[in-house]
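Student: Have a look; sequence and predicted model below, questions after that.
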Amino acid sequence: FTGKITNIKDVNTAKAGTYNITVEGKLMLHGITKDVKESGTFEVKDDKSALAKCKFNIHIGDYQISIPSVVAGHIAETVEITVDLTLDKLEK
């Protein structure tokens with residue numbers, strides 16, 4: 001996954017707290033790239049570190065991933081992807 005926080009200007013990096021963000025980017029799996037846009041959170045901590053989190057669901061068929069018929073009943077066709085980003089030091 002390669003992306004960016006589109007509303008980062010809404011995050012006050014000088015003040016500890018949790019802010020709502022929107023993440024946009026491209027997810028490549030199995031040689032297929034798709035656009036992704038989801039909401040997430042950006043948490044600024046007192047020590048000026050930060051943690052950004054976002055979750056989204058994909059359909060594996062969209063990425064041409066086939067499920068063998070032997071295990072088809074045991075594997076979900078929708079998969080949850082979690083993106084976590086930790087920043088050690090924020091600049092003002």
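Tutor: Here it is on my side, so go on.
Student: which stretches of this protein have low pLDDT?
Tutor: For the chain, the stretches with pLDDT under 70 are 91-92.
Student: residue farthest from the centroid of it?
Tutor: Centroid-distance maximum for the chain: residue 70 at 31.1 Å, with Cα atoms, centre = their mean.
Student: Three-state assignment for the residue lying closest to residue 25 once chain neighbours are set aside, please.
Tutor: Spatially, and ignoring its direct neighbours in sequence, residue 25 is nearest to residue 3 (1.9 Å; Cβ to Cβ, 6 or more residues apart in numbering). Glycine gets a C-beta too; all of them are placed from N, C-alpha and C. Of the three states, residue 3 takes strand under DSSP: H, G, I helix; E, B strand; the rest coil.
Student: Burial check on the residue lying closest to residue 30 once chain neighbours are set aside, number of neighbours?
Tutor: Spatial nearest neighbour of residue 30, excluding adjacent residues (Cβ to Cβ, 6+ apart): residue 63 at 4.7 Å. By other Cβ atoms under 10 Å, the residues close to residue 63 number 16.
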